[in-house]
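A.B. asks: Got a predicted structure plus its sequence, pasted below:
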Amino acid sequence: MPSLSHDHLELESSSHVPETYRWPPSHRHDYPTTSTANIPVVDISLPEAASLIDSACRSWGVFYVTSHGIPSHLLQAAETQTHRLFSLPLHRKLLASRRPGSISGFGRPPLSAFFPKLMWSEGFTLAGNPLNEVASTLWPEPDHDHDSRSHFCELMDDYKKSMRDLARKLLRLTLASIGGHGDGEERVGWLGLKDQMIEALQLNSYPPCPEPEKAIGMATHTDSGFLTILHQSGNMEGLQVLQPNDGSDPIQWVPIRPMAGALVVHVGDLLQILSNGRFKSVRHRAVVSRSEHRVSMAYFYGPPSDVKVGPMVLPGQCPIYRPTTWPEYLEIRARLFDGSLESIKISHT
Ligand SMILES: O=C(O)CCC(=O)C(=O)O
Ligand SMILES: [Fe+2]
């Protein structure tokens, strides 16, 4: 496989999509794309927010959240920082490359390993490592880069804190509807382990593509944690979700367009496990544009690393998944990818 730097040069300078990025039509057009669909919108200030979330997680596995309390200037400033990071020279970004076995750093998304072609994107994962360590790699000159560094750290810190609070609120509302009679939260001791919940911030950059119909920004996948909160560049399409097949509608790709004042929330695999299959993790992907440079910021939220997540079941129900920790589940995904949830199903025959 060509080196990342070589790929990147191709990405930046090409007037066509090189072979290594050219996806077979069967991958890109596996299902038709629709232009309209009623993606649920949940105003979390409403008294009925928990039941709206329950319905959204059961039907779509994705929803827009409004009244989330995160100021638009913070979202905008974090987006600007993301653009700044990706516009750094390649050699700087490569200094912060993801090391083997690590989640953090610059590079292709780990899910690349499961696809025969490369994706038209760059990613940067901020997970666990101190922000100033990352920032001093990207902006190494102590005097000249001091402001860039501290600005980046302050903003990303604020952004992560706001996302953490929102994710916690959303998870509480979600738990109210599983495990019976609103007692979900008391039945999961780990939600009290506030500081040990695991988070990761994934910054994605999708440069303009000369032949967008031949490339894919991010291939079809589900997210692995409980919830993902996604902010995307305003007025730029890219994210699509696969409409779940409820037997009546055909399976189709549905664009999740940016909505002013709203963030996008995805149900991840661990929430599907926790809810014993009541909620479905949403399959999604990102497509690219001929003229626009889109960025997105995905905040992943999950349990403390040593907590086994198993189904919360009502009396008389059987658990359909065996308990797993997030790191164990990531190991399974690294081997089986799409088959991971199926592989931890309990057979009751
Ligand atoms: O860029 C997007 O809209 C999707 C990003 C995504 O799915 C991810 O980072 O897991
Ligand atoms: Fe995702």
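C.D. replies: Sure thing, it's come through. Numbering: from 1, shown residues only. Ligands and ions are numbered 1, 2, ... in the order given.
A.B. asks: Strands of the stretch 201-349 of the chain, start to end?
C.D. replies: For the stretch 201-349 of the chain, strands defined by DSSP state E, counting those that start in this stretch occupy the ranges 218-221, 227-232, 239-242, 253-255, 263-267, 284-286, 294-302.
A.B. asks: who wins for proximity to residue 99 among the ones you listed?
C.D. replies: strand 294-302 (19.3 Å; C-beta to C-beta). Where C-beta positions appear, they are placed from N, C-alpha and C, glycine not excepted.
A.B. asks: Stretch 152-167 near ligand 1 anywhere?
C.D. replies: No. Against ligand 1, stretch 152-167 shows no contacts by C-beta under 6 Å from any ligand atom, the least distance being 13.4 Å.
A.B. asks: Reformat the strands of the stretch 201-349 of the chain as JSON lines; add distance to ligand 1 and mean neighbour count.
C.D. replies: Below are the strands of the stretch 201-349 of the chain laid out as JSON lines (distance: least, C-beta to the nearest ligand atom, whole Å; neighbours: other C-beta atoms under 10 Å):
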{"stretch": "strand 218-221", "distance to ligand 1": "5", "mean neighbour count": "21"}
{"stretch": "strand 227-232", "distance to ligand 1": "5", "mean neighbour count": "24"}
{"stretch": "strand 239-242", "distance to ligand 1": "3", "mean neighbour count": "22"}
{"stretch": "strand 253-255", "distance to ligand 1": "10", "mean neighbour count": "19"}
{"stretch": "strand 263-267", "distance to ligand 1": "7", "mean neighbour count": "26"}
{"stretch": "strand 284-286", "distance to ligand 1": "4", "mean neighbour count": "22"}
{"stretch": "strand 294-302", "distance to ligand 1": "3", "mean neighbour count": "24"}
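A.B. asks: Format these as TSV; extra columns: mean pLDDT.
C.D. replies: Below are those laid out as TSV (pLDDT from 0 to 100):
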stretch	mean pLDDT
strand 218-221	96
strand 227-232	98
strand 239-242	96
strand 253-255	94
strand 263-267	98
strand 284-286	97
strand 294-302	97
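A.B. asks: Residue 70: which of those is closest?
C.D. replies: strand 263-267 (7.2 Å).
A.B. asks: what packs against the closest one?
C.D. replies: On a contact count with 3 or more C-beta pairs under 8 Å, 6 or more residues apart in numbering; DSSP states H and E, strand 263-267 meets strand 62-66, strand 227-232.
A.B. asks: Can you tell me the strand partners of that strand and which way each runs?
C.D. replies: strand 62-66 (antiparallel), strand 227-232 (antiparallel) (DSSP bridges).
A.B. asks: Give me the residues contacting it.
C.D. replies: For strand 263-267, contacts defined as C-beta atoms under 8 Å, 6 or more residues apart in numbering pick out 42, 57, 61-65, 68, 70, 75, 166, 170, 222-223, 227-232, 239, 256, 279-282, 284.
A.B. asks: The strands of the stretch 201-349 of the chain: which one's closest to residue 81?
C.D. replies: Across the strands of the stretch 201-349 of the chain, residue 81 has its closest neighbour in strand 294-302 (9.4 Å, C-beta to C-beta).
A.B. asks: which other helices and strands contact that closest one?
C.D. replies: Using 3+ C-beta pairs under 8 Å, 6+ apart as the contact criterion, the elements in contact with strand 294-302 are helix 72-86, helix 146-175, strand 198-206, strand 227-232.
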